[in-house]
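Enquirer: Generate coordinates for the sequence data below:
(2 chains)
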Amino acid sequence: DAGITQSPRHKVTETGTPVTLRCHQTENHRYMYWYRQDPGHGLRLIHYSYGVKDTDKGEVSDGYSVSRSKTEDFLLTLESATSSQTSVYFCAISDRGDYEQYFGPGTRLTVT
Amino acid sequence: RKEVEQDPGPFNVPEGATVAFNCTYSNSASQSFFWYRQDCRKEPKLLMSVYSSGNEDGRFTAQLNRASQYISLLIRDSKLSDSATYLCAPSGGSYIPTFGRGTSLIVHP
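Expert: Residues are numbered from 1 along each chain as shown, chains lettered A, B, ... in the order given. Model (predicted):
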């Protein structure tokens, strides 16, 4: 299995609080992605990174920001969590961008 | 038209059956295609990559029809352990594959 970890694995937080999710990889892959997965919507891309300090928005980026200061770490921040951001968040990595992706185990976030 | 369309199912089949899923895509520039398997409450895992007309790996066969813009996944001799959701992901010609919503397969004894 690809070396990808996500932390925390589960989190419950209150509306209006900031939340940061971490994705860490040991594969030295250039590309990293954050998705959310909700029933009826499948996987939706939030943000992605194509190198250190190089990031771009996905289809559902409102309310989220990201940072990548090192190859191995990609952080997703919810500036002020809302109940609509209750979801399962997956990080993925890829060596060559538009090719195979390898996913982390996911973070289950509940915003109350 | 959605970029990637999959029949959500569920496909309910007995052990030993052969089952096939289709995935249609709208981006004619897609060059690479991927099937992922996702178990309940788990992350998607790469099942198969398709870069030409098709690919075969044991009981699993993927066939690509570029003219009609669909890719199929055939599973032979279904096992109980094949029960999962199967996600199709054509490349988008950028850094971003596009995922279908998945097809649910239930294999029963």
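Enquirer: Would you enumerate the residues in contact with A:Thr107?
Expert: Taking CB atoms under 8 Å, 6 or more residues apart in numbering or on different chains as the criterion, A:Thr107 is in contact with A:Gln6, A:Ser7, A:Pro8, A:Arg9, A:His10, A:Lys11, A:Leu21, A:Val88, A:Tyr89, A:Phe90. Every residue, glycine included, has its C-beta placed from N, CA and C.
Enquirer: Contacts only, for A:Thr13.
Expert: With CB under 8 Å, 6+ apart as the criterion, the residues that contact A:Thr13 are A:Val19, A:Ala81, A:Leu109, A:Thr110, A:Val111, A:Thr112.
Enquirer: before we move on, what about A:Ser87?
Expert: Taking CB under 8 Å, 6+ apart as the definition, contacts of A:Ser87 comprise A:Arg36, A:Gln37, A:Asp38, A:Leu109.
Enquirer: Strands - which of those residues land there?
Expert: A:Arg36, A:Gln37, A:Asp38, A:Leu109 (DSSP state E).
Enquirer: The chain: strands as residue ranges?
Expert: Since no chain was named, I'll use chain A. Residue ranges of the strands in chain A, as given by DSSP E, are A:4-7, A:10-13, A:19-25, A:31-38, A:42-51, A:54-57, A:64-70, A:73-78, A:87-94, A:102-103, A:107-111.
Enquirer: That was the other one, I meant chain B.
Expert: When secondary structure is read from DSSP E, chain B shows strands at B:4-6, B:11-14, B:19-25, B:33-38, B:44-50, B:54-57, B:60-65, B:70-75, B:84-90, B:103-108.
Enquirer: now the ones in strands among the contacts of A:Ser87: which count as buried?
Expert: Judged by neighbour count, with 16 or more other CB atoms under 10 Å in any protein chain shown as the criterion, the buried members of the ones in strands among the contacts of A:Ser87 are A:Arg36, A:Gln37, A:Leu109.
Enquirer: Report the contact partners of the second one.
Expert: Under the criterion of CB under 8 Å, 6+ apart, the contact list for A:Gln37 reads A:Leu43, A:Arg44, A:Ser87, A:Val88, A:Tyr89, A:Phe90, A:Gly106.
Enquirer: beta partners for it?
Expert: Using DSSP bridges, the beta-bridge partners of A:Gln37 come out as A:Leu43, A:Val88.
Enquirer: Would you mind measuring from it to B:Thr98?
Expert: Distance of A:Gln37 to B:Thr98, given as CB to CB, to the nearest Å: 14 Å.
Enquirer: can you put the strands of chain B in a markdown table and add mean neighbour count, mean pLDDT and distance to A:His29?
Expert: Supplementary listing: those in a markdown table, determined by neighbours: other CB atoms under 10 Å in any protein chain shown; pLDDT from 0 to 100; distance: least, CB to CB, whole Å:
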| stretch | mean neighbour count | mean pLDDT | distance to A:His29 |
| --- | --- | --- | --- |
| strand B:4-6 | 21 | 94 | 23 |
| strand B:11-14 | 15 | 97 | 33 |
| strand B:19-25 | 20 | 95 | 25 |
| strand B:33-38 | 23 | 95 | 16 |
| strand B:44-50 | 19 | 94 | 13 |
| strand B:54-57 | 14 | 91 | 22 |
| strand B:60-65 | 18 | 94 | 24 |
| strand B:70-75 | 20 | 96 | 25 |
| strand B:84-90 | 25 | 95 | 17 |
| strand B:103-108 | 18 | 97 | 28 |
